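Engineer: sequence unavailable; structure follows:
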């Protein structure tokens, strides 16, 4: 699993606080794929990169796609940050879910459409209501996930996917309240297709 938060080297350096490592990271990902290893890219989404997620997805396909030997060699997980070493920077860089929904959805569609498995659900992912325009890439409902700073909000109580969603992060609710959280009134068509 490799951290790949931005396709732009300057933004990558800012997000990782590891200057001049972007080109080395990309070379390492390509080397792993050429060697036949499975590679998972993790992209933490926050205020600094959410508007560029479609560019991130296109870069993943263009830069790493040719090195894939077979389907499944490369995957991307978009993660919803819970904390950071620098707490002040973390609080300043949180992004409202309603603002990041469209670019996140577009990135998922671009990657999955190009044969790169991409998700934004699961323990480190987003509440499932953020993925309402990408229900096809929401994993089929399974046992509910708990912990990791997640809490149920009043909006979640009546959600049709409440038992299968990780819910919002406490840090998100502290910063934005229920902004961007919208309960599903029914299980969406195409869920987990």
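Structural biologist: That came in fine, so what should we check first? Since this is a predicted model, take the numbers as computed values, not measurements.

Engineer: flag the shaky bits of this protein, pLDDT-wise.
Structural biologist: 71, 84-87, 140-148, 192-193 (pLDDT under 70).

Engineer: which residue is the nearest non-sequential neighbour of the residue positioned nearest the centre of it?
Structural biologist: In the chain, the C-alpha nearest the mean C-alpha coordinate belongs to residue 78, at 1.5 Å (CA atoms, centre = their mean). Ranked by CB to CB, 6 or more residues apart in numbering and with sequence neighbours excluded, the top spatial neighbour of residue 78 is residue 120, at 4.0 Å. Bear in mind the C-beta positions are built from the backbone N, C-alpha and C, glycine included.

Engineer: now the one you found: how far from residue 62?
Structural biologist: Using CB to CB, to the nearest Å, one gets 21 Å for the distance from residue 120 to residue 62.

Engineer: between these two, who's got more neighbours?
Structural biologist: When residue 120 and residue 62 are compared for neighbours, residue 120 comes out ahead with 28 against 11, by other CB atoms under 10 Å.

Engineer: residue contacts, the more buried one?
Structural biologist: For residue 120, the contacting residues are 45, 77, 78, 79, 80, 104, 108, 126, 130, 131, 134, 137, by CB atoms under 8 Å, 6 or more residues apart in numbering.
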